[in-house]
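Student: requesting a structural model of the entry that follows:
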Amino acid sequence: LLPLLPVVSLVRAGMLRRPGHSVQVKVRPVLVLIAAAIFCYLLVVDVLLPTSGDHHDHEGPNSLMSDRERQLGHESDMESKGGDDDTTRHRKNRKNLGHGDVESLKAQTMEKVGLIEQQVLRLREKVASLDKDAAIARKALLDQQLKTDKIAHLVESEKEQIKRFKDKVQHANEGRDKLVEQLKNDQNFINFKEKVMRQGKKKMGEVKPQSVVVDEGLSSQEVKKLEDESFRKNAFNEYRSRHLPLDRDIPDVRHPMCKHQDYPLDLPSATVIICFVNEAWSTLLRTVWSVINRTPQHLLKEILLVDDASDADWLGDNLVREVEDNLPDFVRLVTSTKRLGLIRARLLGAKHAQADYMVFLDSHCEANLGWMEPLLHWMAGDKTRVVTPIIDRIDKNSMSYFGGPSSSRGTFHWTLDFTWEMPPPNSNPIAPIMSPTMAGGLFGINRDYFYEIGSYDTGMDGWGGENIEMSFRIWQCGGSLTIIPCSHVGHIFRDSHPYKIPNSTINETFLRNSIRLAEVWMDDYKEFFYDIKPSARAVDFGDVSDRLALKKRLNCKSFQWYLENITPGKFTPSHDVVKYKGQLKNKLNLCFDKGSPGLTYPCHPAGLFSISQAFWFTSYNEVRYVWDSCLGVSRGGNSVYLGACGAESRKWLYNEEKKQLVWDNNKCVTMQQQGAKLEICDNSPSQEIMFTGVMNA
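Tutor: Now for the predicted structure:
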């Protein structure tokens, strides 16, 4: 059809006249003739001439093969080695092939193409099979690699476990070596003590433990006189104390569960600080030896004896020689050249302390078995934990050792005196006891934390009130105060203090110190303190601006928070609770007096400051003494006493019109010189009782 295109074009050009073209009519026949001639020529060339092989030199049917047929024919020829004769003859004879031969050759070629395609298909199947085998091989290789990686991981894990095991073995060996060294030191120390005993350098305690020796040749009356004299001098029976060994045995009063407690070997060590002024030789040295004998050596960094300018003739150079000759090297003596008072003496001791933890003890104590480990174990868990042991009682008369209650905790009266109370019940008898306050003579604290929270108020003098101040400060400023039931230390509780405070009295310093703590830590609740002790308003308590700045800097909580969270349920003498207050005074000028055996005593005049006659009548129908005890009546009797406050003490009524204090709507209180009792109400002067409305303290 392609040769016809120029003919059609000429015909169209000659027969048609398109717009825009100007073809003369006379030319059209010529164009038609030319087109017909060209058509005839092409027909002859393309159709007739190929059938006659005598006049043309082209390949005939081979020229009619498609490119694909030529390619397949070429590939078929390449399959034979060096060329096959049949293929060569086919090539030579292509010029002589007719149309039928072409079709036959084409059929043969297509057959070969089919064979080749089958071979290609088989090759593809083989390739697919090989791909499948390769995939299986790759998977096997990957599995093997995973197994290898897993084995390598296990090997590394085993190596790490072996390393950790070696580290544990090394740590255990170090601990064993440390323990062996400790045992050696302990044995050396035991040998040292035995040597001291053999050389007779202990000066005291040459008798059996717990025995009391009466000097030969002295009558019982003479011994009694010596005991009384030593009591007046020391506020305890020092005569009996000096006849007891300095390292006497004392009963192990711990709970049985405490004896099976295990503590880490790597507990921190402590500095034990013992402050004293004119302390008796026997009690001071017995305190030291009890700490030495009952504290593991690796936990005892040092013992600091802080002498607050003692002037007793039995101390001085005698004590210096005792420390140098008869005590271990870790016992050191720090002496002040001027009287500091307990608070500043403890600050001096803290300044010289070398250990991270400090344990303060009074100078008339005896540390019991296993006392140090539980204190350090609890403190080491959090440096803001302040701890105290259970304080056992050493009888001031007999010097016998009695276990203290393990179920008491510290609190306070609104006079800011320390006292004890029962804590909430706990099923674990050896669990640490949260304590609102501490007694102050015996406690442990982290040295850094001691300074972070303000150590002591250096504006306080002498002794008294510093324990309540520190207790409030610890709780309100984010710390905690805890009694550790498994730690026991004995203490001689004295009724009076044998030493004096320079330029003051103990009552005066205690009052001034109490005012300072009330002004800083109690907020508006300080008014309850001033209401009980109105004379305190006139006392110059000094500058507390630095302590208020400390409170602000530490972001301490309010005293209301302390009451609600640390000592919830504590009696608060607010105006809606207290109906009447002051002295309970009758017409005979007799007053209820806490210090009198019969509870009656002549009323104190206005100038005599005392709280022994300070009472409240509350909305709970109780007559409450300001030290949290209440007026009660004996069962089945008429005697009146001061005891615990509770449901049985809330049966009082006060008839303001008749000025009568009535018990259970039945009998009235009668106040006479012999004491107070219940009698039938008769309006006698001894029953006419009134509240003065003002505390006389």
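
Student: in a strand, residue 482, correct?
Tutor: Yes - read with DSSP: H, G, I helix; E, B strand; the rest coil, residue 482 is one of the residues of a strand.

Student: buried residues in stretch 672-685?
Tutor: Going by neighbour count (16 or more other Cβ atoms under 10 Å), the buried part of stretch 672-685 is 675, 676, 677, 678, 681. Backbone N, C-alpha and C define where each C-beta goes, glycine included.

Student: and of those residues, the nearest to residue 589?
Tutor: Minimum distance to residue 589 across these is 14.4 Å, recorded for residue 676 (Cβ to Cβ).

Student: quickly find the element holding that closest one.
Tutor: According to DSSP states H and E, residue 676 maps onto strand 675-679.

Student: give the rounded mean pLDDT of that strand.
Tutor: For strand 675-679, mean pLDDT is 93.

Student: can you show me the CA trace of that strand as CSV?
Tutor: What follows is strand 675-679, C-alpha atoms only, in CSV (Å, rounded to 0.1, in the frame of the first residue of the first chain):
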residue,chain,number,x,y,z
GLY,A,675,-5.6,17.3,151.3
ALA,A,676,-8.5,17.2,148.9
LYS,A,677,-11.4,14.8,149.1
LEU,A,678,-15.1,14.4,148.1
GLU,A,679,-17.8,15.1,150.6
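
Student: can you start the count at 6 instead of 1 from here on
Tutor: OK, 6 is where the count begins now, so the last one is strand 680-684.

Student: which neighbouring elements make contact with the following helix or strand past that strand?
Tutor: Following strand 680-684 in sequence order, the next helix or strand is strand 694-696 (DSSP H and E). On a contact count with 3 or more Cβ pairs under 8 Å, 6 or more residues apart in numbering; DSSP states H and E, strand 694-696 meets strand 583-587, strand 589-591.

Student: can you list the strands that the first one pairs with?
Tutor: When pairs are called by DSSP bridges, strand 583-587 turns out to pair with strand 620-623 (antiparallel).

Student: what's the partner strand in contact with?
Tutor: 578, 582-589, 597, 628-631, 657, 659, 696 (Cβ atoms under 8 Å, 6 or more residues apart in numbering).

Student: how about the helices in the stretch 456-605 of the chain?
Tutor: With DSSP state H, counting those that start in this stretch as the criterion, the stretch 456-605 of the chain has helices at 471-481, 511-526, 531-537, 550-558, 564-570.

Student: name the nearest residue to the spatially most central residue of the chain, ignoring sequence neighbours.
Tutor: Most central in the chain under Cα atoms, centre = their mean is residue 387, positioned 4.9 Å from the mean C-alpha point. In space, and not counting its chain neighbours, residue 387 is closest to residue 485: 7.7 Å by Cβ to Cβ, 6 or more residues apart in numbering.

Student: you'd agree that neighbour is up against residue 389?
Tutor: Yes - with contact defined as Cβ atoms under 8 Å, residue 485 reaches residue 389; the gap is 6.4 Å.

Student: and the helix or strand harbouring residue 666, what does it pack onto?
Tutor: Under DSSP H and E, the secondary-structure element containing residue 666 is strand 665-668. Contact analysis of strand 665-668 by 3+ Cβ pairs under 8 Å, 6+ apart lists strand 657-660, strand 672-677 as its packing neighbours.

Student: please identify the deepest-packed of those.
Tutor: Burial of the helices and strands packed on strand 665-668 is given as mean neighbour count (mean count of other Cβ atoms under 10 Å); strand 672-677 ranks first at a mean of 22.
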